[in-house]
Structures are given as structure tokens and as C-alpha cells.
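A.B. asks: The amino acid sequence is not available; the structure is as follows:
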């Protein structure tokens, strides 16, 4: 299959990055979950799509744009976004590379776990080591949110594959 022209790759990454940011903004408008620091992770749907349908560099690009956008909320938010996003992508990429039998639900759970662990590690460095005991709560939340984002990608993927610009 011939490689897409660079301008088309840049346009697709721009659209995916904008969609990820829009989903993050939308999610911020939703009622806060009962667990501090936990969120649904709607933007992870876009990252999973970029990783599974495009490439690892594409997913990393979306992550970088999201982290840069987080700078609007401060440097700490940027570091938290970058740490969580990077570990999430690396875990999902490893899972997709090692086994094609893992469903998007499994990939979503691994991505959510990676994101929560990455942010938790950054919080340990930046805030306080007393957060150590909060990890099991974040991991339990990751199973729920990762399942939901994986299900969402399963539902959206057939429609996304019909969009000529993305395929």
C-alpha cells in the first residue's frame, strides 16, 4: 500500500488531536466522578484509534498535542498529561504488538491503567509520597473507564473506517 502524502498525514493528525482536545474539554464539563483524580478518559478513544489504525508515532503525536494543550492549565497539568499519556500509549502499543487477540476493551483497560499509573508516578514526584496508598483505587477505576472507552471504540470503529480521509 502506498504511503499517504505528508500533508494528508499532518491533516489527519491535526483532526485527531483536535478531536482528542475537544473530548477532554467536553469531559471537563461533565459532573466530577466520586474519586479524586479519576475521569472517564474520552480522549483515550482517539489515542487508541491512532495507535491501532495509524501508527505509534501518530499516537505519540496526539499525546504530545494533548500535553501541550494541558499547558493552558499549568506546567504541572502538562507533566501529568504527558506522563500518563506516554505510559498509556507504550502499554497499549506493547499489547497490540504482542497479541492481536486482545480486544479494544483489553487495550482500553491497559491504556487506562497506564495513564493512571503514569499520572500517579508523576504525582508522587511532584506532590507527595503519601499518595502511594491511592494506587489501588486508581487501578480499579481504570478497569471501569478502560472498559467503557474500549467499548466506545468498538462501536465507533466501523463508522470511522468508512471515512475515506481516515483510511
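C.D. replies: Yep, it's here. Here the structure is a predicted model, which means the values were calculated and not measured.

A.B. asks: residue ranges with poor pLDDT in the protein?
C.D. replies: Scanning the chain for pLDDT under 70 picks out the ranges 1-2, 37, 167.

A.B. asks: my read: residue 149 touches residue 49, true?
C.D. replies: No. Contact criterion C-beta atoms under 8 Å: residue 149 and residue 49 do not qualify, at 10.4 Å. For glycine as for every other residue, the C-beta is placed from the backbone atoms N, C-alpha and C.

A.B. asks: Between those two, which has more neighbouring residues?
C.D. replies: residue 149 (26 against 22; other C-beta atoms under 10 Å).

A.B. asks: burial measure for residue 161, as a count.
C.D. replies: Using other C-beta under 10 Å, residue 161 has 11 other residues around it.

A.B. asks: Show me the helices in this structure, by range?
C.D. replies: Here the chain has its helices, by DSSP state H, at 6-29, 43-49, 56-70, 75-98, 104-126, 135-161.

A.B. asks: Throw the ones you listed into JSON lines and include distance to residue 36, thanks.
C.D. replies: Formatted as JSON lines, the helices of the chain follow (distance: least, C-beta to C-beta, whole Å):
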{"stretch": "helix 6-29", "distance to residue 36": "15"}
{"stretch": "helix 43-49", "distance to residue 36": "19"}
{"stretch": "helix 56-70", "distance to residue 36": "18"}
{"stretch": "helix 75-98", "distance to residue 36": "13"}
{"stretch": "helix 104-126", "distance to residue 36": "11"}
{"stretch": "helix 135-161", "distance to residue 36": "9"}
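
A.B. asks: Pick the most buried one from the ones you listed.
C.D. replies: helix 43-49 (a mean of 27; mean count of other C-beta atoms under 10 Å).

A.B. asks: Show me what it packs onto, helices and strands only.
C.D. replies: Helices and strands touching helix 43-49, by 3 or more C-beta pairs under 8 Å, 6 or more residues apart in numbering; DSSP states H and E, are helix 6-29, helix 56-70, helix 75-98, helix 104-126, helix 135-161.

A.B. asks: For the residue nearest to the spatial centre of the chain, give its distance to residue 10.
C.D. replies: Geometric centre of the chain, nearest residue: residue 44, 2.9 Å, by C-alpha atoms, centre = their mean. According to C-beta to C-beta, to the nearest Å, residue 44 stands 22 Å off from residue 10.

A.B. asks: do residue 110 as well
C.D. replies: Taking C-beta to C-beta, one finds residue 110 at 28 Å from residue 10.

A.B. asks: Residue 31 now?
C.D. replies: 36 Å.
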